[in-house]
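Novice: Provided below for reference: sequence and predicted model.
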Amino acid sequence: MPYHIIWYPDTREHFRHLTARQRSIVFDSVEEQLVNEPTAETRSRKEMRPNSLASWELRIGDLRVYYDITEEPQTVIVVAVGIKRGSRIFIGGEERQL
């Protein structure tokens with residue numbers, strides 16, 4: 001059974017700091033990779049160390065999608081979208097520590 005995708009309202013602000021092409025890549029990748037088996041670790045998906053943002057990370061080049069998962073009902077909750085530059089993460093145009 002496929003997972004339902006929910007976008008936190010804050011992600012709208014995060015998308016304002018991405019180009020149209022980057023937004024398209026994020027939407028396509030989330031649909032492709034997180035609808036089925038979002039908990040399966042791959043080269044681009046991994047469970048994160050405990051932090052205040054999210055439990056999972058989807059890497060798409062220099063883009064990052066941070067999400068949580070609920071099993072009842074099966075839902076992927078996208079909590080943040082950012083850009084990685086070197087060892088720094090920018091979410092909504094601001095540097096964040098994870």
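Specialist: Structure received.

Novice: quick one: the longest strand belonging to the chain to chain centroid distance?
Specialist: In the chain, assigned by DSSP state E, the strand with the most residues is strand 75-85. Distance of strand 75-85 from the chain centroid (C-alpha atoms, centre = their mean, to the nearest Å) equals 3 Å.

Novice: so which residue is smack in the middle of this structure?
Specialist: Nearest to the mean C-alpha position of the chain, by C-alpha atoms, centre = their mean, lies residue 65 at 1.7 Å.

Novice: my read is that that residue contacts residue 78, right?
Specialist: Yes: look at residue 65 against residue 78 with C-beta atoms under 8 Å: they come within range, at 6.0 Å. C-betas here are computed from N, CA, C, even on glycine.

Novice: quick check: longest helix of the protein.
Specialist: Using DSSP state H, we find that the single longest helix of the chain is helix 20-34.

Novice: name the helices or strands packed onto the helix or strand hosting residue 46?
Specialist: Assessed by DSSP states H and E, residue 46 sits inside strand 45-47. Other elements packing on strand 45-47 under the criterion 3 or more C-beta pairs under 8 Å, 6 or more residues apart in numbering; DSSP states H and E are strand 56-60.

Novice: how does it look with 10 Å?
Specialist: In terms of contacts (3 or more C-beta pairs under 10 Å, 6 or more residues apart in numbering; DSSP states H and E), strand 45-47 is packed against strand 56-60, strand 63-70.
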